[in-house]
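>>> fold the following for me, if possible:
(4 chains)
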4 protein chains.
Amino acid sequence: MVVVMTADATASDVDHVVAVVRDAGGEAFVSRGESRTIIGLSGDIERFTATLNLASLPGVADVVRISVPYKLVSREHRRQRSIIRVAGVPIGPDTLTVIAGPCAVETPEQTLAAAQMARAAGASLLRGGAFKPRSSPYAFQGLGETGLKILAEVREETGLPIVTEVIDQRDVDLVSKYADMLQVGTRNMQNFPLLQAVGAAGKPVMLKRGMSSTIEEWLMAAEYIAQRGNLDIVLCERGIRTFEKATRNTLDISAVPVAQRLSHLPVIVDPSHSGGRRDLVLPLSRAAIAVGADGIIVDVHPHPESALCDGPQALIDSDLRELASIAQHLSPLVGRTLTPAPVAARA
Amino acid sequence: MVVVMTADATASDVDHVVAVVRDAGGEAFVSRGESRTIIGLSGDIERFTATLNLASLPGVADVVRISVPYKLVSREHRRQRSIIRVAGVPIGPDTLTVIAGPCAVETPEQTLAAAQMARAAGASLLRGGAFKPRSSPYAFQGLGETGLKILAEVREETGLPIVTEVIDQRDVDLVSKYADMLQVGTRNMQNFPLLQAVGAAGKPVMLKRGMSSTIEEWLMAAEYIAQRGNLDIVLCERGIRTFEKATRNTLDISAVPVAQRLSHLPVIVDPSHSGGRRDLVLPLSRAAIAVGADGIIVDVHPHPESALCDGPQALIDSDLRELASIAQHLSPLVGRTLTPAPVAARA
Amino acid sequence: MVVVMTADATASDVDHVVAVVRDAGGEAFVSRGESRTIIGLSGDIERFTATLNLASLPGVADVVRISVPYKLVSREHRRQRSIIRVAGVPIGPDTLTVIAGPCAVETPEQTLAAAQMARAAGASLLRGGAFKPRSSPYAFQGLGETGLKILAEVREETGLPIVTEVIDQRDVDLVSKYADMLQVGTRNMQNFPLLQAVGAAGKPVMLKRGMSSTIEEWLMAAEYIAQRGNLDIVLCERGIRTFEKATRNTLDISAVPVAQRLSHLPVIVDPSHSGGRRDLVLPLSRAAIAVGADGIIVDVHPHPESALCDGPQALIDSDLRELASIAQHLSPLVGRTLTPAPVAARA
Amino acid sequence: MVVVMTADATASDVDHVVAVVRDAGGEAFVSRGESRTIIGLSGDIERFTATLNLASLPGVADVVRISVPYKLVSREHRRQRSIIRVAGVPIGPDTLTVIAGPCAVETPEQTLAAAQMARAAGASLLRGGAFKPRSSPYAFQGLGETGLKILAEVREETGLPIVTEVIDQRDVDLVSKYADMLQVGTRNMQNFPLLQAVGAAGKPVMLKRGMSSTIEEWLMAAEYIAQRGNLDIVLCERGIRTFEKATRNTLDISAVPVAQRLSHLPVIVDPSHSGGRRDLVLPLSRAAIAVGADGIIVDVHPHPESALCDGPQALIDSDLRELASIAQHLSPLVGRTLTPAPVAARA
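Sure thing, here's the model as predicted:
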């Protein structure tokens, strides 16, 4: 952390900053330049930020943080990139893991059909929402526990472990009974009680990036989960909000290598919600794999025209073989192998 | 709602759209133009949006919504702008209501001193956070119920009703025991279980705009609260996230008249969190009053240099008289009177 | 300027940075902290930024600039805020100057009628475009020199000096023959040859903020003009591009006090182009005056329904008296007087 | 184009809109719904937009454009995607063309070395700036004609045709004497006189997307060039401005398939300026090729630590082979072949 003094700061202003820092147990190094003085700090920077209000002291022009505000999830904490296992299915640096399924669970038939589509598309994990956060209170909100039961049934049938969203901390235990991985959605990325609850649940977590969160805020949200003792976290880039309206969100493809450099956690991409358009799912899936994502998560639906949620972006039958082929052939070029689907328990 | 067909849509594509709409109980009006056909729809549009996936039908280029997706909070629902009363203190079209207090409750002394500053600044309501949502898990998270008790004690002393934030739906009952108005913060604007819980709590609610939410999404979030039978909602513009980094957020001053035109709910402005800088609070307060806001909410702190939260933006003693003077003299120019502070119970 | 070293930078990395800076004639001060070393630089920072590629040196994590990249227009260069005179009409800290007129000059009658509306609205300067930059090549591009002649004729008639846009550096001499102030539009804020040409033209310049430019970039663009010996520059905030689509742009009202603090140049606001809606012009004008703007610039049109450019945002007759009244009564509350209109030469 | 009437529009308001449109030679189709009436228009929509101010008419709530505001560059104008040839080197749907070179031309030696690096990286075209638009007037502005001569000399030596930027319409003839392709930079995307000048110059043009331009505005800018009879235009996505500051800009990877669907023009990607960081160039190059870009343009520099412009993002020797390998092996997976470099004239 660096304290930049104003051009007209006095020597006693400088001494005061140094004294405040030292009183708090930190170290301060003064550098006097031609036009202004700067003070480098070291010590427990997080605590300084939280409790010392250095920017308010007389003569202080700016306080510049030069280290990252997260620890457990940072690459400095663990150089080696992590492999997270979801009921045995790996997500990490050596593999490409495809997660697919319907945006929302609607019926047993639709969910089973979608899971079979997911397998055909190369998926090894099944996604599907039983609790849906919707901008409008008049939109379909999900089937709740009924949906979770359908997912569990389809897991039995197909062997695909389940990734499903939790939107209310009171439901974390319930969802954990059925799910293999808990998903925290974009609107809840800074719902701190929920982050703490999923952190304590003992299940792997997929943390979607907030639609207007910086990469740093995303990693700080992951830190909330990690602080509860759970480092089985997968980050998911799903597009950010910008001025461009041709796509629902703007996929921030650069966020993948940037987050992988800052954090040891796996980073996957959601090409379906980024673009919000079916015709973009395959190109964006290719881009995600090529940029080095550890996986992708895509919407599929047997009858998108009657989907209760986000139908316009669901892949349909004819796209599946192409997605499987992309995942198969592109992975080796980035030093990965496609994660195979588990064998069905009933098979 | 208007369905726009592609240039090469066939007559049978058009007929299919019409049939789908009519099957769902709606009406469809076809307009054939030179280069393309459009179909106007009427009926239960919300249901169409939620269940008919018109954009997926063959020959459909676009589906354009032309009515608003909220009802109870809309100006069409109630032409007259609403007056919300917080323990008797009005917020609405004829008054200018100032809310002030510390960002976070730290000690009884600090809170009382801040409340006295608030009164000096022309405030009739006291703000103060006992539960703080913080981007970093290492930052001060608030005193919890201890903080609520301090607020209640200070209310006794000063007569100022309390506005305080709730960040976890499990705390809504607890916070409601002490607070006169529940605040939902920017990070929770789309925390739907929380919105529903505060909607059911029987207390007025202040709903801050999500830092990257459109005005429409903000009103849809208010609709979630209203749906639980609570129309005592005050909207609070607090700055949006943009590319400009000279200020913490960009105060969207235009949102005030726009939201007042779309909704009957009062709209206030938070000049402290918008700018994140003390030197901007007074200019932005003047702008907010002049644009026609129904109130403002500002941070004050007796010792901002040691504040545990957001010290750099807190007003200090010398600013208070000027804020009171602004509120007093600017209000009549926009046809309002400054809401007087209630008399202290103990006075 | 501060060079932040990586956690694993070696002593020889640090020495190398110091040597590079000293070779270039600068000074370097090393501060060794617990976890990392920082190096403060002083000397000719602009040149360092332009020629030394410090960020590429081994062991360098980041290079943080701590001084502003503009000089002539900065408040450090001139503490006193400037007063710019446009054919005698002042724009500066003691006055509120209203500029009004049609978006585009269409006919002599329309321009004269609009100028009379401008006077009725309290304006002392006439705006009007003869050259129009339009996103679509199929839109009306302005009357060119014919438009300039109409403006000059209307100036004769009404006494109002002329502010008009120049979009091509080849036209600077031509436009300067007629105009009292040259306007550089939002799309040309970083058209550097144009900035240099208007800098050399010897006329006051109004520099609109680029719709996605930071305040710093705006001041750097002003520096381009200033470098050619022209400090008669007025900055104009006209809304920035954000995700919110309820308004054409988002008026960044905070930019007024921020820019006034960083630069000695006057700062005015364009409430017409910010909102793009007539119903927002009066509220945003009030906000602009109250925040402390040195002036406002508004569109008026005698027949907005047939305007060739931006009709939807033009004020009409019934709004004029209210605008004049706002300007008259709000100015004293911010320590200003409304700039009176010059007397017509022919009067 | 669709005119949406307000809920309380009268029959005579509707008739008035219809009359205005018919007077202007257009057709109007009225659809009366339950809650509101909409009017579909057809005819010369561009002219309506430019001259009829329909949004100002009584009873009109909104005017929604449903066709694109560009023609010559649209896919509707020409279904087949175009192949542009730059001195014989193709850019189009069947190939992947790599353009590489130094950000700025500094010396003959540096430029020749960079060109040799470009060849090693798989490039068939040489980029290099002789005129540099810089945010700061104190930064290096390029060598001008001296730089162009160096480029021409290096073309002789290496056989690589030249792509170079023009920033002033007065220089278009000069630059055209040396360049094989004219580049219009992001800051000039809406510099309309420059667009018209390059449109008339008879050379292929590379049009970079404005850093805060929508895809639609980008295509309208291309239309300005096309209107002057020049359809040899290549679009270049180079990152947009967003709230995220971890990268210099946010590469809008989705813009590639979106623009290719709307326009027949080739679309390439600049991974160097998007990210502004060398470590992102290879991952973003892979993403660009995989998403289906028709080419990429990258910065290389023999000594990035002493580059006069954008050194931090230039590729260095060890990256070149990897880029060539990526271009070679990824292209076939998207149905393309890498465009071979021309043979050097002197070879």
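>>> from here on, just use CA atoms for contacts and neighbour counts.
Noted.
>>> how about the residues of chain A near chain D?
Selection of chain A residues close to chain D by CA under 8 Å from any CA of the partner chain yields A:212-215, A:242-247, A:250-254, A:257-258, A:275, A:280, A:283-284, A:286-292, A:329-330, A:333.
>>> show the buried residues in those.
Of the members of the residues of chain A next to chain D, the ones counted as buried by neighbours, 16 or more other CA atoms under 10 Å in any protein chain shown, are A:212-215, A:242-244, A:246-247, A:250-254, A:257-258, A:275, A:280, A:283-284, A:286-292, A:330, A:333.
>>> about what we covered before: just the residues of chain A next to chain D that are near chain C?
Among those, chain C is touched by A:242-244 when using CA under 8 Å from any CA.
>>> dump those residues to a markdown table, plus pLDDT and secondary structure.
Shown next, in a markdown table, are those (pLDDT from 0 to 100; DSSP: H, G, I helix; E, B strand; the rest coil):
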| residue | pLDDT | secondary structure |
| --- | --- | --- |
| A:242 | 95 | coil |
| A:243 | 94 | coil |
| A:244 | 94 | coil |
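>>> tell me which element the residue of the stretch 101-250 of chain A found nearest chain B falls in.
Nearest residue of the stretch 101-250 of chain A to chain B: residue A:139, at 5.2 Å (CA to the nearest CA). For residue A:139, there is no host helix or strand (DSSP states H and E).
>>> what's the burial count for it?
For residue A:139, the neighbour count with other CA atoms under 10 Å in any protein chain shown is 18.
>>> ok, residue A:88 next?
10.
>>> please apply the same query to the one 3 residues further on.
Under the neighbour criterion other CA under 10 Å, residue A:91 is assigned a count of 24.
>>> phi first, then psi, for it.
Phi and psi for residue A:91, reported as degrees, to the nearest 10, are phi -130, psi 120.
>>> doesn't residue A:293 make contact with it?
No. Shown here, residue A:91 and residue A:293 do not form a contact pair, counting by CA atoms under 8 Å, at 10.0 Å.
>>> gap between the residue of the stretch 151-300 of chain A found nearest chain D and chain B?
Nearest residue of the stretch 151-300 of chain A to chain D: residue A:287, at 4.2 Å (CA to the nearest CA). Applying CA to the nearest CA, to the nearest Å, the value for residue A:287 to chain B is 24 Å.
>>> how much space between the residue of chain A found nearest chain C and residue D:214?
Here chain A gets closest to chain C at one residue, residue A:243, 4.4 Å apart by CA to the nearest CA. The gap separating residue A:243 from residue D:214 is 7 Å, by CA to CA, to the nearest Å.
>>> any idea what sits nearest residue A:145, other than its immediate chain neighbours?
Closest residue to residue A:145 apart from its sequence neighbours, by CA to CA, 6 or more residues apart in numbering or on different chains: residue A:130 at 7.0 Å.
>>> ok, now which ones touch the one you found?
Residues in contact with residue A:130 (CA atoms under 8 Å, 6 or more residues apart in numbering or on different chains) are A:104-105, A:142-148, A:164-165.
>>> quick one: which two of those residues are the most distant?
A:146 and A:165 (14.0 Å; CA to CA).
>>> which one's more surrounded, these two?
Per other CA under 10 Å, whichever of residue A:146 and residue A:165 has more neighbours is residue A:165, with 23 against 14.
>>> residue contacts, that one?
Residue A:165 neighbours (CA under 8 Å, 6+ apart): A:128-132, A:182-185.
>>> now the element after the helix-or-strand element of chain A with minimal mean pLDDT, going C-ward?
In chain A, the helix or strand scored least confidently by mean pLDDT, DSSP states H and E is helix A:45-51, which has a mean of 63. Moving toward the C-terminus from helix A:45-51, the next helix or strand (DSSP H and E) is strand A:60-64.
>>> and that following strand, what other elements does it pack with?
strand A:2-5 (3 or more CA pairs under 8 Å, 6 or more residues apart in numbering or on different chains; DSSP states H and E).
>>> spatially nearest residue to residue A:165 (excluding sequence neighbours)?
In space, residue A:165 is closest to residue A:183, 4.2 Å off (CA to CA, 6+ apart).
>>> list the contacts for that neighbour?
A:163-166, A:205-208.
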